[in-house]
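Participant: sequence below, structure please.
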Amino acid sequence: MSRLTLLSLQLLVAVVAIVLWQVLSTVPVFGKILLPPFFFSNPVDVFSQIVKWFASGVIWKHLWITLWESILAFVIGSLGGVLVGFWFARQPLVAAVFDPYVKMVNALPRVVLAPIFALWLGLGIWSKVALGVTLVFFIVFFNVYQGVKEVSRTVLDNGRMLGMSEQQLMRHVYWPSALSWMFSSLHTSVGFAVVGAVVGEYLGSAAGLGYLIQQAEGVFDVAGVFAGMFVLSAFVLLIDMGVTMVERRLLVWRPTAADGRG
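Facilitator: Below you'll find the model as predicted:
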């Protein structure tokens, strides 16, 4: 399937969903509106709210704050996950000792941590960053750990037989193996970094997309809530596209599916 065909199908799904939403929220079916506008709004009102935000410029401040919090959470969580994941994978004793504690911390509900971070770090950006880091770190950590552990024993033995040092093995064997796993986790981590920032803003903040959604919800502005969610979704897609571009740049050595079939 060509990229243009795939994009067309993806857009078709979005168009059909929006048209159904508009029809079911405005046109009576058997004398009844199936999606009452008070609870579901409608695409026209939502789109109007988004246009109003961008036309007035009110959205830019909130976007910038959420973007900055998400980037910090993404970078700090990813770097921490990569470093600790490599360390645990290369030190089995350390991994065995800390295994129950890692599982215990990972099992904690992140929403419970949000007020604790707000208490420790205040209502500024760092409490939101900390919440995002707790989400991103474990996703990257487990993937990098598994990626290093999955290195073929035959490849390692061949490398050592050729006289490769541990540093060379790290660069030419372990790192390439972990990269694929790492970027697979980063695509998921992008969304979780934004989730951490927005949830933190929703629970206590004076700015950001989460704050904007919370304010709309507080006055029963359903169109504003949906508008905030749509802006947030587009925001995550743009960041994910950036990760994809970096992935293609760093994984140029990886064969494509077409190459494998050839």
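Participant: which residues does L203 contact?
Facilitator: Shown in contact with L203 (Cβ atoms under 8 Å, 6 or more residues apart in numbering): 111, 114-115, 118, 210. All C-beta spots, glycine's among them, are computed from the backbone N, C-alpha and C.
Participant: show me just the buried residues among the residues you listed.
Facilitator: 114, 118, 210 (16 or more other Cβ atoms under 10 Å).
Participant: please identify the helix or strand for the second one.
Facilitator: It stands for A118. helix 110-121 (DSSP states H and E).
Participant: may I ask which two of the contacts of L203 are separated the most?
Facilitator: Maximum pairwise distance in those, criterion Cβ to Cβ, is 14.2 Å, between P115 and G210.
Participant: rebuild the contacts of L203 as TSV, extending it with pLDDT and distance to R249.
Facilitator: Shown next, in TSV, are those (pLDDT from 0 to 100; distance: Cβ to Cβ, whole Å):
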residue	pLDDT	distance to R249
V111	80	36
A114	84	35
P115	85	40
A118	85	37
G210	88	32
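Participant: how close does M161 sit to A114?
Facilitator: 52 Å (Cβ to Cβ, to the nearest Å).
Participant: repeat that for L12.
Facilitator: 38 Å.
Participant: what of L7?
Facilitator: Distance, L7 to A114, by Cβ to Cβ: 37 Å.
Participant: check V94 too.
Facilitator: Per Cβ to Cβ, V94 is found 30 Å from A114.
Participant: for Q10, same thing?
Facilitator: 33 Å.
Participant: list the contacts of A130.
Facilitator: A130 makes contacts with 73, 113, 117, 120-121, as judged by Cβ under 8 Å, 6+ apart.
Participant: the helix or strand encompassing it vs helix 110-121, what angle?
Facilitator: Assigned by DSSP H and E, A130 belongs to helix 125-149. Taking axes from the mean of the first three to the mean of the last three Cα atoms, to 10 degrees, one finds helix 125-149 and helix 110-121 inclined to each other by 130 degrees.
Participant: what about the longest helix in this structure?
Facilitator: The helix that spans the most residues within the chain, counting by DSSP state H, is helix 58-90.
Participant: burial of F137, as a residue count?
Facilitator: 24 (other Cβ atoms under 10 Å).
Participant: wait, it touches F74, no?
Facilitator: No: counting by Cβ atoms under 8 Å, F137 stays clear of F74, with 10.4 Å between them.
Participant: need the overlap of contacts for those two.
Facilitator: Joint contacts of F137 and F74 (Cβ under 8 Å, 6+ apart) do not exist.
Participant: on that earlier part again, buried set for the longest helix of the chain?
Facilitator: So for helix 58-90, counting by 16+ other Cβ under 10 Å, buried means 59, 62-63, 65-67, 69-74, 76-78, 80-82, 84-89.
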